[in-house]
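> please work out how this folds:
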Amino acid sequence: MSLNLNYEPEVVVEDITELTEKEWRRYRTFGIGGSDAAAVCGISPWKTARDLYEEKLNHLSPPEDGWVAKEIGKRLEELVVQIFMKRTGLKPYAVRKMFRHPLYPFMMANVDFFVEIEGGIYIIECKTSFSYHMDQWEDGKIPRHYELQGRHYMAVTNVQGVIFLCLHGNSEDTFIERRLDRDLDQEEELIEQEAYFWNHCVQMGKPPAYTESADLVLKSIRERLEIREKQQIELPEQLSENVAAFLKLKEKKSELDQQSKRLDEQIKLTYAPIQEALKGAERGLLVVDGTTYQAGYTKRSVTSINKQGMEALRLLHPDICQEYAKTNVSYSFYIKPAKAG
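Numbers count the residues shown, from 1 in each chain. I've put the predicted structure just below:
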């Protein structure tokens, strides 16, 4: 496939700020957006390609658990752009339109801002994050899932590049700027993956296979299925290999856990004399082979209520207990020999 660059993006919605939440979600089912690109490629930190497939078919609503972070990011966009303007003297401008690729109409995009740099048009993509994610941006890097988002936007809007702006804290020292230029080889590969996802999976009703991390896959399965208590079914025979592998790995893990417990015991025996030597001091210093080490205690406070306190609360203040004490039901997965009969 050789990319044709002689095009202008089509405008699907003139002003996305006028859309209701329901309308916005409906438009998202019409194609693949920039924030969907990483999920299509199986590298999203938040969702699987199967989750995205279900969303596009309107079988699954986008999760609401990250709405606070999204709202914070939205409200800080103007601040992030102002910092960029102050640093560079450039003047980004907002275009609140929803665009569509005229050659690949399943590719859609709405971007934060545009800016002109050296005669070329660039997209400004604003991000906010936490300090413990700063390593993802170290040494000039751009997180891969954001990079795919940027490449999707470049393809739809036919511009030269994307400027990522990320604010990690509450000062200019935590402000990061990264420039991503267009790479047609990578763009072509992304378009092929998105085309397969849309045409083969969404349009033909064929759910994509799970290829993501185990935790993300299991989270996806749990969110889509409701446990029907006391119901028992016969599982497909081809899963016998999975059962055998599961049991073998569990046995191996059990052996390693025993080794870990023995090592933990040895570790505790090595630091018991050190704790005794501290004589109640919060910390102590010791030079070993020219290096000064610190040994001490880290204080952690956790607010909780024990079983006796909960029983008293339930008895003396049942209204408060009913309002604030919630019972969460969870299910632990197991594989074990079935009881005879």
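
> how close does Asp215 sit to Glu188?
With the distance defined as CB to CB, to the nearest Å, Asp215 ends up 32 Å from Glu188. For every residue, glycine as well, the C-beta is placed using N, CA and C.

> of those two, which one has the most company?
Taking neighbours as other CB atoms under 10 Å, Asp215 and Glu188 compare with Glu188 leading, 14 against 8.

> does that one lie in a helix or a strand, and which?
For Glu188, the element it lies in under DSSP states H and E is helix 184-196.

> I figured Asp51 hits Ala38, correct?
No. Asp51 lies out of contact with Ala38 (CB atoms under 8 Å); the separation is 11.8 Å.

> and the strands in this protein?
For the chain, the strands defined by DSSP state E cover 10-13, 98-100, 108-109, 113-117, 120-128, 161-167, 175-181, 283-288, 291-296.

> so what's the closest residue in space to Val95 that isn't next to it in sequence bridging to?
Computed as CB to CB, 6 or more residues apart in numbering, the closest residue to Val95 that is not its neighbour in sequence is Phe114, at 5.8 Å. Beta-bridge pairing of Phe114 under DSSP bridges involves Tyr93, Ile123.

> Met98 too?
Beta-bridge partners, per DSSP bridges, of Met98: Val13.

> wait, it sits on Val156?
No. Met98 is not in contact with Val156 according to CB under 8 Å; the separation is 9.9 Å.

> more crowded one of these two?
Taking other CB under 10 Å, Met98 and Val156 do not tie; Val156 has more neighbours (27 against 24).

> contacting residues for the more buried one?
Val156 makes contact with Pro9, Gly34, Phe99, Arg100, His101, Met107, Met108, Ala109 under the criterion CB atoms under 8 Å, 6 or more residues apart in numbering.

> hey, what's the nearest residue to it once chain neighbours are set aside bridged with?
Leaving aside its sequence neighbours, Val156 sits nearest to Ala109 (CB to CB, 6+ apart; 4.0 Å). According to DSSP bridges, the residues that bridge with Ala109 are Phe99.

> show me the contacts for Ala109.
Neighbouring residues of Ala109 by CB under 8 Å, 6+ apart: Pro9, Gly33, Gly34, Met98, Phe99, Arg100, His152, Tyr153, Val156, Thr157.

> as TSV, the residues you listed with pLDDT and distance to Lys141 would be great.
Below are the contacts of Ala109 laid out as TSV (pLDDT from 0 to 100; distance: CB to CB, whole Å):
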residue	pLDDT	distance to Lys141
Pro9	97	28
Gly33	97	23
Gly34	97	19
Met98	96	29
Phe99	98	27
Arg100	98	30
His152	98	19
Tyr153	98	19
Val156	98	24
Thr157	98	24
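
> out of the residues you listed, who's nearest Glu23?
Using CB to CB, Met98 is the member of those that sits closest to Glu23, with 10.7 Å.

> what mean pLDDT does stretch 274-284 get?
Per-region confidence: stretch 274-284 scores 90 on mean pLDDT.

> pull the number of nearby residues for Pro208.
Pro208 has 19 nearby residues by other CB under 10 Å.

> same question, the one 10 residues further on
The number of residues packed near Leu218 is 12, by other CB under 10 Å.

> what of the one 10 residues further on?
By other CB under 10 Å, the residues close to Arg228 number 8.

> roughly how far does it sit from Leu235?
Distance of Arg228 to Leu235, given as CB to CB: 15 Å.

> do Arg182 as well
Relative to Leu235, and taking CB to CB, Arg182 is found at 49 Å.

> which of these two has more neighbours?
Arg182 (18 against 9).

> which residues touch the residue nearest to Leu286 when sequence neighbours are not counted?
Leaving aside its sequence neighbours, Leu286 sits nearest to Tyr293 (CB to CB, 6+ apart; 5.3 Å). The neighbourhood of Tyr293, defined by CB under 8 Å, 6+ apart, consists of Leu285, Leu286, Val287.

> got a winner among those for most neighbours?
Counting neighbours by other CB under 10 Å, Leu286 leads the contacts of Tyr293 with 11 neighbours.

> could the contacts of Val156 go into JSON lines alongside distance to Gln136?
Formatted as JSON lines, those follow (distance: CB to CB, whole Å):
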{"residue": "Pro9", "distance to Gln136": "29"}
{"residue": "Gly34", "distance to Gln136": "18"}
{"residue": "Phe99", "distance to Gln136": "27"}
{"residue": "Arg100", "distance to Gln136": "30"}
{"residue": "His101", "distance to Gln136": "28"}
{"residue": "Met107", "distance to Gln136": "25"}
{"residue": "Met108", "distance to Gln136": "26"}
{"residue": "Ala109", "distance to Gln136": "23"}
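
> Ala325: which of those is nearest?
When those are compared against Ala325 (criterion: CB to CB), the nearest one is Gly34, at 42.3 Å.

> near the closest one, how many other residues are there?
25.

> related to what we said a few turns ago, and of the strands of the chain, who's closest to Lys56?
With CB to CB as the criterion, Lys56 lies closest to strand 108-109 of these, at 11.4 Å.

> avg pLDDT for that closest one?
Rounded mean pLDDT across strand 108-109 is 98.

> related to what we said a few turns ago, any common contacting residues for Met98 and Val156?
Met108, Ala109.

> could I get the contacting residues of the closest residue to Asp51 other than its chain neighbours?
Counting by CB to CB, 6+ apart, Ser220 is the residue found nearest to Asp51 once chain neighbours are left out, at 5.3 Å. When contacts are counted by CB under 8 Å, 6+ apart, Ser220 is found next to Lys47, Thr48, Arg50, Asp51, Tyr210, Glu212.
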